[in-house]
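A.B. asks: Sequence and predicted structure below; questions after.
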Amino acid sequence: MKYLSVTIPCYNSAKYMDKAIQSLLPGGEDIEIIIVNDGSSDKTLKIAKQYKKEYPTIIKVVDKENGGHGDAVNSGLAYASGKYFKVVDSDDWVDEEALKKILGKLHELENNGKEVDMFISNYVYEKVGAEHKKVIHYRNVLPQKEIFTWKEVVRFHIGQYILMHSVIYRTELLKLCQLQLPRHTFYVDNIYVYYPLPHVRTMYYLDVDFYRYFIGRDDQSVNEKNMIKRIDQQIFVTKTMIDMYSLKKIQDKRLKNYMINYLAIMMTVSSIILIRCKTSEALEKKKELWQYLKKKDFRIYRKIRRGILGQTMNLPGRSGRKISVLGYQMARRIWGFN
């Protein structure tokens, strides 16, 4: 039995994919590594096939035409046979000891006849040039050493939300809820984390620094210059998440609050990048995005707009926008993102 399927979406990743793959190999026969070649033009496919040859019972290779990161995740999920499913980007890696502890806990759950819908661990910002690596943990908001539900989850701090880096989903849950990420679109990792949430009933948190999130390449999607270039895709993802659910119909209050706060983060990211574009057209797009949320769900709009993030992103005039940018820059220094 494969306890964990890990998909590695690869597009022209030949220079750095080895580190991601080799960090997962210590999982041995408990793990399957699905390398998805997303139409690369370099030696990505050749490298993937070599690993398949060396580790035929661990490595799967999927070779497909280019469809973007989300489509590569879709392909990996379609081929996954493990009980649980994880995405590791080709320029990131995982910690070996943390991997072994996670697999040990998955073994334990299975041996006790138990399963969870979502398994959570910590991630680390591996930012080039940073003296101290910022660890995002959940020990102050999630119970430990027990299976829990949303009723036991307390309010998350800003910058502490569950991202693709920190989550492992039960494979069958993702397939049953028919997760399909958009093709040729950046920032769909937010949809990957957000869409399954109402289907999640049980969770487990292991306080280990598992995922290593590399930040430092100029061509990364989270590089601010690239986010400005791709702002229309960020807006598309945000609107997709707005349209996804009628949050007022979600019965579990803590789940609903978590999802509202996640949307607030998405609105904030889109707003600050539009402000950073420094054009009148971008400011119109920002105004239209907030109107879009208002039209979709006035109650959710009002709650987000009156919150600290909503207020900070909508301060009037040029001086207000300067304050918004200052807040963004301070947050970036504290948490180490992009």
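C.D. replies: Structure received. Model, not experiment: these values are computed from the prediction.
A.B. asks: can we go C-alpha only for contacts and neighbour counts from here?
C.D. replies: OK.
A.B. asks: Now do the helices in the stretch 101-250 of the chain.
C.D. replies: Taking DSSP state H, counting those that start in this stretch as the criterion, the stretch 101-250 of the chain contains helices spanning 171-176, 189-194, 224-229, 231-244.
A.B. asks: Can I get the longest strand along the chain as CSV, trimmed to CA atoms?
C.D. replies: Of all the elements of type strand in the chain, the one with the most residues (DSSP state E) is strand 203-215. The C-alpha coordinates for strand 203-215 follow below in CSV (Å, rounded to 0.1, in the frame of the first residue of the first chain):
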residue,chain,number,x,y,z
MET,A,203,-8.0,16.8,10.5
TYR,A,204,-4.7,16.0,12.2
TYR,A,205,-1.8,18.4,12.8
LEU,A,206,1.8,17.2,13.2
ASP,A,207,4.1,20.0,14.5
VAL,A,208,7.1,19.3,12.2
ASP,A,209,8.8,21.6,9.7
PHE,A,210,8.1,19.5,6.7
TYR,A,211,7.9,21.6,3.5
ARG,A,212,10.7,23.9,2.4
TYR,A,213,9.3,26.7,0.2
PHE,A,214,12.1,28.2,-1.9
ILE,A,215,11.9,32.0,-2.7
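A.B. asks: packing partners for that strand?
C.D. replies: Where contact means 3 or more CA pairs under 8 Å, 6 or more residues apart in numbering; DSSP states H and E, strand 203-215 is packed against strand 93-94, helix 96-111, strand 118-127.
A.B. asks: Measure how it sits relative to strand 118-127, angle-wise.
C.D. replies: Going by axes from the mean of the first three to the mean of the last three CA atoms, to 10 degrees, strand 203-215 is angled at 20 degrees with respect to strand 118-127.
A.B. asks: And strand 203-215, how far out from the chain middle?
C.D. replies: A distance of 12 Å separates the C-alpha centroid of strand 203-215 from that of its chain, computed with CA atoms, centre = their mean, to the nearest Å.
A.B. asks: Can you name the residues in contact with that strand?
C.D. replies: Outside strand 203-215, the residues that touch it by CA atoms under 8 Å, 6 or more residues apart in numbering are 91-96, 98-99, 102, 116-128, 135, 137-139, 142-149, 165-166, 337-338.
A.B. asks: Let's have the helices of the stretch 101-250 of the chain in CSV, adding distance to Tyr55, mean neighbour count and mean pLDDT.
C.D. replies: Conversion of the helices of the stretch 101-250 of the chain to CSV gives the following (distance: least, CA to CA, whole Å; neighbours: other CA atoms under 10 Å; pLDDT from 0 to 100):
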stretch, distance to Tyr55, mean neighbour count, mean pLDDT
helix 171-176, 22, 17, 98
helix 189-194, 28, 19, 97
helix 224-229, 36, 17, 84
helix 231-244, 37, 19, 96
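A.B. asks: Could you export these as CSV, including distance to Leu106?
C.D. replies: Formatted as CSV, those follow (distance: least, CA to CA, whole Å):
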stretch, distance to Leu106
helix 171-176, 13
helix 189-194, 20
helix 224-229, 37
helix 231-244, 30
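A.B. asks: Can you tell me which of those helices is nearest to His157?
C.D. replies: Each of the helices of the stretch 101-250 of the chain was scored for nearness to His157 using CA to CA, and the closest is helix 189-194 (17.1 Å).
A.B. asks: Remind me what the closest one packs against, helices and strands.
C.D. replies: Secondary-structure packing of helix 189-194 (3+ CA pairs under 8 Å, 6+ apart): helix 231-244.
A.B. asks: what's the angle from the next helix or strand after the helix it packs on to helix 231-244?
C.D. replies: Beyond helix 231-244 on the C-terminal side, the first helix or strand identified by DSSP states H and E is helix 253-277. Per the same axes, to 10 degrees, the angle that helix 253-277 makes with helix 231-244 is 160 degrees.
A.B. asks: Tell me which residues are up against helix 253-277.
C.D. replies: Contact partners of helix 253-277, identified using CA under 8 Å, 6+ apart, comprise 150-151, 153-156, 161, 194, 197-198, 224, 227-228, 231, 234-235, 238, 241-242, 247-248, 250, 282-283, 285-286, 290, 300, 304, 309-310, 313, 321, 324-325, 328.
A.B. asks: Then stretch 157-168?
C.D. replies: Identification of contacts with stretch 157-168 by CA under 8 Å, 6+ apart yields 84-88, 118-123, 136-138, 189-190, 192-193, 210-211, 213, 262, 335.
A.B. asks: go on, stretch 302-312?
C.D. replies: Residues from elsewhere that reach stretch 302-312, judged by CA under 8 Å, 6+ apart: 260-261, 264-265, 267-268, 294, 323-324, 327.
A.B. asks: Go through that stretch and flag the buried ones.
C.D. replies: The neighbour-count check on stretch 302-312 (16 or more other CA atoms under 10 Å) flags 304-305, 309-310, 312 as buried.
A.B. asks: Distance of Ile59 relative to Met164?
C.D. replies: Taking CA to CA, to the nearest Å as the measure, Ile59 falls 22 Å from Met164.
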